[in-house]
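Colleague: Prediction below, plus the sequence it came from.
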Amino acid sequence: MVVPLFSNCGGAKYHYNFEKGKNLDFSQGKWILNKPYTNYHEDRVYAIAKREFKDILKDSLLEIADLRKEKLIGLQIPFNPTTEELKDLKTGTDCDYLINYTTNLLKNEMGSFASSSNFGTVIKSNEASTTIKIYDLNKLELISESFVLGIVKETRTTEDGNWDYVSSGGTLTMNGLARLIKKYDKYRADDN
């Protein structure tokens with residue numbers, strides 16, 4: 001199910017999709033927040049994911065870096081782990097869930113400002129996507145997969161005189177991640 005959300009923030013439009021697991025119960029268990037898979041600023045992406053998931057999970061959220069200090073965990077947990085890798089993570093951490101996420105800055109043709117075209121009509125766009133996958137380490141299976149695509153598209157001509165603010169690809173990357181995590185909070189099963 002795709003749910004478009006339109007926002008006036010720099011012309012950005014966000015399109016959401018939950019493949020599975022839209023309504024999760026966050027009231028129980030220990031949740032591992034993995035490092036991001038991203039082509040953008042890893043530290044910024046991680047800080048947003050940590051902040052937003054911490055709002056939902058409170059003290060039940062555990063950072064992978066902190067767990068590595070005390071537990072035997074591989075250096076890299078794949079974005080799409082195998083059943084055997086999930087079993088090893090469960091054994092090594094005694095946690096219940098794994099949160100994996102990836103962000104991709106797809107296009108950044110305008111940066112933060114759209115200007116007039118020097119010749120004719122020009123169409124430019126900024127795009128970024130985020131995917132979140134949540135695994136149940138007790139059942140050794142994927143329980144949730146969600147996606148958001150943020151897009152800004154501008155058509156500019158030689159008659160367009162002013163510069164207009166638009167959401168850059170980086171802004172779309174960070175806002176898309178934060179908005180998608182907020183959807184989990186909105187649809188959480190333990191509030192019903």
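Modeller: Sure thing, it's come through.

Colleague: Verify the contact between Glu19 and Glu145 for me.
Modeller: Yes. Glu19 is within contact range of Glu145, at 4.2 Å (criterion: CB atoms under 8 Å). (Glycine included, C-beta is placed from N, CA and C.)

Colleague: The two: which has the busier surroundings?
Modeller: For Glu19 and Glu145, the more surrounded residue by other CB atoms under 10 Å is Glu145, and the numbers stand at 17 against 13.

Colleague: Please verify my assumption that that one contacts Lys133.
Modeller: Yes. Counting by CB under 8 Å, Glu145 does reach Lys133; the two are 5.1 Å apart.

Colleague: Now do the helices in the chain.
Modeller: Here the chain has its helices, by DSSP state H, at 42-57, 64-70, 83-93, 169-186.

Colleague: most tightly surrounded among these?
Modeller: Among the helices of the chain, judged by mean count of other CB atoms under 10 Å, the one packed with the most neighbours on average is helix 169-186 (a mean of 21).

Colleague: what helices or strands is that helix leaning on?
Modeller: strand 13-20, helix 42-57, strand 97-108, strand 122-136, strand 141-156 (3 or more CB pairs under 8 Å, 6 or more residues apart in numbering; DSSP states H and E).

Colleague: in the shortest one, what's buried?
Modeller: It refers to strand 13-20. Tyr14, His15, Tyr16, Phe18 (16 or more other CB atoms under 10 Å).

Colleague: Just checking, which helix or strand of this protein averages the lowest pLDDT?
Modeller: The weakest-scoring helix or strand in the chain, judged by mean pLDDT, DSSP states H and E, is strand 2-6 (a mean of 37).

Colleague: And for Thr82, the neighbour number?
Modeller: Thr82: 10 surrounding residues under other CB under 10 Å.
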